[in-house]
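Trainee: Pasting the sequence and the predicted model now:
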Amino acid sequence: MKARSAIVYSVLRLLAFLVPFGILMLFPIMQEYYWLAAIFAALIGLSLSVLFLRKPLEDATAGLAERRDRSRTTATDEQAEDAAADAAADPPAPDAPETPKS
């Protein structure tokens, strides 16, 4: 995963919340009702991120998808053990001579 794209997206999302929150806290009524300023800042930040942060979001999710695909293609220890057990349990090839049973 590209850590840089995820960090950039996270920082931009934080700024999309903190800047409107700081501006709203400049109003005297919002200083009294800080929880209302937080709600409005969250709604404004969500709107800004939907409108302007589409490209950083796509970069971050593409990195996550690449990481997920890589982890699915690599064999885990359990899969390797299962493959070895299956190979050991397979019957001998038909070309191999059979041992007579008494």
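Mentor: Yep, that arrived.

Trainee: From here on, just use CA atoms for contacts and neighbour counts.
Mentor: Fine.

Trainee: The residue nearest in space to the middle of the chain and Leu43, how far apart?
Mentor: Nearest to the geometric centre of the chain sits Leu64, at 4.6 Å (CA atoms, centre = their mean). Separation of Leu64 from Leu43 (CA to CA, to the nearest Å): 26 Å.

Trainee: from memory Ala41 sits against Phe21, does it?
Mentor: Yes - using CA atoms under 8 Å, Ala41 is in contact with Phe21, at 4.9 Å.

Trainee: Which strands or helices does the top helix by length along the chain pack on?
Mentor: Using DSSP state H to define each element, the chain has its longest helix at helix 3-24. Applying 3 or more CA pairs under 8 Å, 6 or more residues apart in numbering; DSSP states H and E, one finds that helix 3-24 contacts helix 34-52, helix 54-73.

Trainee: most neighbours per residue, which of those?
Mentor: Mean neighbours per residue, mean count of other CA atoms under 10 Å, is largest over the helices and strands packed on helix 3-24 for helix 34-52, with a mean of 16.

Trainee: Distance from the chain centre to it, please.
Mentor: Remark: helix 34-52 is offset 23 Å from the chain centroid, using CA atoms, centre = their mean, to the nearest Å.

Trainee: which residues touch that helix?
Mentor: Helix 34-52 is contacted by residues 13, 16-18, 20-21, 24-25, 30-31 when judged by CA atoms under 8 Å, 6 or more residues apart in numbering.
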